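[1] everything below, folded, please.
(one chain, ligands or ions: 2)
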Amino acid sequence: MTDDAPAPRCTICPRQLLDHETGRYVCLPCEQRIDRDLQAIAGPAGLYARLCLRIQPGRRGGAPAVSGTPGRGTPADLQILSLTATGGIVSTLETWVEDWATYGLAIHGTGGRLQHRVDTAVATLRRNLTRAASRHPALDEMAREIGQIRRQAEAIISGERPPRRVAVQCPCDTVSTVTLNTSGFTCRGCQREYGHSEALQLPLAERRAA
Ligand SMILES: [Zn+2]
Ligand SMILES: [Zn+2]
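    Ligands and ions are numbered 1, 2, ... in the order given. The predicted structure follows:
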């Protein structure tokens, strides 16, 4: 380390990398957190399986209903369905597997049932995680998405209400929808990046017809 070159920082937390973390994009504690989040999602007692348990076939053979809730189509039901169906958690995981494969970091899964695909993707990502920490520049984005899956799933399973969403308006007039526990966002209009507190200090956008 020289005086004029700033020590590289973890792209996630973002503390300075220590000597034994040289050459990595993220620090060891952040890598371990990603690994714990992945581990929590997979397996027969994992978050994905527990979300699926909340869905049972509708009594009259219609669309799946969610146990313990009257009627169908409440926001929580829809959230569970969108997380557990193709396009939900499994697609997020498999998209990262495919993305990592372009870095020589992963092998494609072999299809099968959704739970199997989730488990395979998680196992692949965990097996390659340490190498990804020094090879994959977008590990912070992956960490954010995986962490969000874990928080969403845990909130649903524990019966918490989903965080309230608010529409905020950037000075460039672009309206973005954020949750009250957002870690930040990038404005689609002007590409400006907002952190958590900056995002929540933006003026609320006027509610528009949905
Ligand atoms: Zn870190
Ligand atoms: Zn903007």
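[2] tell me where the longest helix sits in the protein.
    helix 114-135 (DSSP state H).
[3] quick one: mean pLDDT for it?
    Averaged over helix 114-135, pLDDT sits at 95.
[4] buried sites along the helix or strand just after it?
    With elements assigned by DSSP states H and E, the helix or strand that comes after helix 114-135 is helix 139-157. Residues of helix 139-157 classed as buried: 139-140, 142-143, 145-147, 149-150, 152-153, 155-156 (neighbour count, 16 or more other CB atoms under 10 Å). Where you see a C-beta, it was placed from the backbone N, CA and C, and this is true even at glycine.
[5] in this protein, which ranges drop under the pLDDT threshold?
    1-5, 56-74, 108-110, 160-163, 207-210 (pLDDT under 70).
[6] need the residues of it near ligand 1, please.
    Counting by CB under 5 Å from the ion, the chain comes close to ligand 1 at 10, 12-13, 27, 30.
[7] spell out which residues of this protein are next to ligand 2.
    170, 172, 174, 187, 189-190.
[8] quick revisit: got CSV for the buried residues of helix 139-157, with distance to Leu202 too?
    Formatted as CSV, the buried residues of helix 139-157 follow (distance: CB to CB, whole Å):
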residue, distance to Leu202
Leu139, 28
Asp140, 23
Met142, 27
Ala143, 25
Glu145, 23
Ile146, 27
Gly147, 23
Ile149, 26
Arg150, 27
Gln152, 23
Ala153, 28
Ala155, 24
Ile156, 28
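[9] could you measure from the residue positioned nearest the centre of the chain over to Leu53?
    In the chain, the centroid-proximal residue (CA atoms, centre = their mean) is Glu145; its distance is 2.0 Å. Note on Glu145: its distance to Leu53, by CB to CB, to the nearest Å, is 23 Å.
[10] and if you look at Cys13?
    Counting by CB to CB, the gap from Cys13 to Leu53 is 34 Å.
[11] and if you look at Thr11?
    Distance, Thr11 to Leu53, by CB to CB: 36 Å.
[12] more neighbours: those two, which one.
    Thr11 (20 against 11; other CB atoms under 10 Å).
[13] please enumerate the helices of this protein.
    Using DSSP H, helices in the chain cover 28-41, 47-53, 75-84, 89-101, 114-135, 139-157, 196-201.
[14] TSV for those, including distance to Thr179?
    Output for the helices of the chain, formatted as TSV (distance: least, CB to CB, whole Å):
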stretch	distance to Thr179
helix 28-41	18
helix 47-53	19
helix 75-84	12
helix 89-101	17
helix 114-135	24
helix 139-157	10
helix 196-201	10
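[15] just to revisit the earlier point, give me every residue that touches the residue nearest to the centre of the chain.
    92, 96 (CB atoms under 8 Å, 6 or more residues apart in numbering).
[16] how about 6 Å then?
    Going by CB atoms under 6 Å, 6 or more residues apart in numbering, Glu145 touches Thr92.
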